[in-house]
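> need coordinates for the below:
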Amino acid sequence: MQTTSRTIPVVDLSQFSEGTTQQRNDFVQQLGKAFNEVGFVGVTNHGISKELVERFYKSAKDFFSLPIETKRGYELAGGGGQLGYTSFGKEHAKHSNVPDLKEFFQIGQFLDEDKLTDSNTNVTVKEIPAFFEVGKELYQAFEQSGARLLEAIALYLNLDVDYFNRWLSQGDSILRAIHYPPITQEPASAIRAEQHEDINLITLLVGASAGGLQLLNAQNEWLDITPEEDEIVINVGDMLQRLTNNYLKSTTHRVVNPPKESWHVPRMSIPFFLHPRGEMSLDCLTNCVTGDRPISYEAISAGDYLDQRLREIGMKK
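Residues are numbered from 1 along each chain as shown. Next up, the predicted model:
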């Protein structure tokens, strides 16, 4: 069963960043309720300019239009696909062996010089300098908006407002430009992105160039997510679900193929996966453990969990 009606709540981030004490409190409760009940929320007045997004879309489109041999020159061996280019058919969902119908490019954290190594230095594309330059601007805008959202979640969980912020500085967040090429033949059971949950704390997604994003609700129905213009979609990742002992929900989602008459239309999207530094503990918060909700997860750090999950989805050997 599917529906095209509005399926996720909407919140206004300016109420938290610029509002009165009452407005801030209301925002905290609205955001927390959405993450607890749905796992997804739409956010308006998020501080990420439409002009910046459009510039990045253009440069990303230019990159994916390059010859495949050129693009593969930016694919790093042994890096788990965390930086640079990942070619078509490499990544698959955790519980699937069929590769997703996509290629992508990832930009990582802009680390201090003394922390740079061969494995964590960002990849620049000499043919399209704007791709990296604009990507850095967008990365930092996403990081700022994401940090503000996590301040509200910290308050919702009765934590210090800076609980997450101290782990986000120089963290492992990723800006990903995804290209789903036109479908030229009947897919071998694959869809553009098979059902999955994200690994990170939260994901911020600006509107895709075509539809297809769906979430799986508690009634086991796939529901279309159709954000309004200038709205970004935020969802809980597995790290935040794990930290909160399943109180905040990492909801299963997917990107389905378009109707056959639209197979020729490519799709692009830009998610930002907000990660903490690897040493952050993901041990279940004590105030999220109750008699009705006993501890569901063993102790692990964010870095070890990320490594484990990258192996599960075929990005690390």
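> ok, which stretches of the stretch 51-200 of the chain are helices?
68-72, 129-156, 165-168 (DSSP state H, counting those that start in this stretch).
> so for the longest one, what gets flagged as buried?
Pointing back at helix 129-156 there. Buried positions in helix 129-156, judged by neighbour count with 16 or more other Cβ atoms under 10 Å: 131-132, 134-135, 138-139, 141-143, 145-156. C-betas here are computed from N, CA, C, even on glycine.
> cool, and the shortest one?
Going by neighbour count (16+ other Cβ under 10 Å), the buried part of helix 165-168 is Asn165, Trp167, Leu168.
> residue contacts, the second one?
Looking back up the chat, that one is Trp167. Residues in contact with Trp167 (Cβ atoms under 8 Å, 6 or more residues apart in numbering) are Pro276, Arg277, Met280, Ala302.
> and the third one, how many neighbours?
Put plainly, it is Met280. Other residues near Met280 come to 21 when the count uses other Cβ atoms under 10 Å.
> what of the first one?
Using other Cβ under 10 Å, Pro276 is surrounded by 28 other residues.
> now it: closest residue in space that isn't a chain neighbour?
Among residues not flanking Pro276 along the chain, Trp167 sits closest, at 3.7 Å (Cβ to Cβ, 6 or more residues apart in numbering).
> secondary structure element holding the residue most central in space within the chain?
By Cα atoms, centre = their mean, the chain has its centre lying nearest to Thr203, at 3.1 Å. Assessed by DSSP states H and E, Thr203 sits inside strand 202-206.
> who does that strand pair up with?
Within its sheet, strand 202-206 is paired with strand 232-236 (antiparallel), strand 267-274 (antiparallel), according to DSSP bridges.
> show residues contacting the last one.
Read that as strand 267-274. The contact list for strand 267-274, computed with Cβ under 8 Å, 6+ apart, reads 53, 56-57, 60-61, 64, 138-139, 142-143, 146, 150, 168, 171, 173-180, 192, 198-206, 208-210, 212-213, 237, 255, 258.
> rewinding a little: dump the buried residues of helix 165-168 into TSV; add distance to Val41 and pLDDT as well.
As requested, these are exported to TSV (distance: Cβ to Cβ, whole Å; pLDDT from 0 to 100):
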residue	distance to Val41	pLDDT
Asn165	20	94
Trp167	22	96
Leu168	19	95
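> now these as a markdown table including distance to Val28?
A markdown table is the format used below for the buried residues of helix 165-168 (distance: Cβ to Cβ, whole Å):
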| residue | distance to Val28 |
| --- | --- |
| Asn165 | 15 |
| Trp167 | 20 |
| Leu168 | 18 |
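> out of those, who's nearest Pro294?
Trp167 (25.5 Å; Cβ to Cβ).
> low-confidence stretches in the stretch 1-150 of the chain?
For the stretch 1-150 of the chain, the stretches flagged by pLDDT under 70 are 1-5, 78-81, 90-99.
> my guess is Tyr180 contacts Val255. True?
Yes. Applying Cβ atoms under 8 Å, one finds Tyr180 in contact with Val255, separated by 7.1 Å.
> between the two, point out the one with more neighbours.
Tyr180 (27 against 24).
> what about the closest residue to the more buried one other than its chain neighbours, how many residues close to it?
With Cβ to Cβ, 6+ apart as the criterion, Tyr180 has its nearest non-adjacent residue at 4.0 Å, and that residue is Arg267. The local packing of Arg267 (other Cβ under 10 Å) involves 24 other residues.
> quickly note the distance from Arg267 to Ile128.
Counting by Cβ to Cβ, to the nearest Å, the gap between Arg267 and Ile128 amounts to 20 Å.
> and what of Leu149?
For Leu149 relative to Ile128 (Cβ to Cβ), the value is 30 Å.
> so who does Asn45 touch?
Asn45 touches Asp12, Leu13, Ser14, counting by Cβ under 8 Å, 6+ apart.
> mind checking which of these land in strands?
Of the contacts of Asn45, the ones assigned to strands by DSSP state E are Asp12.
> alright, calling it a day.
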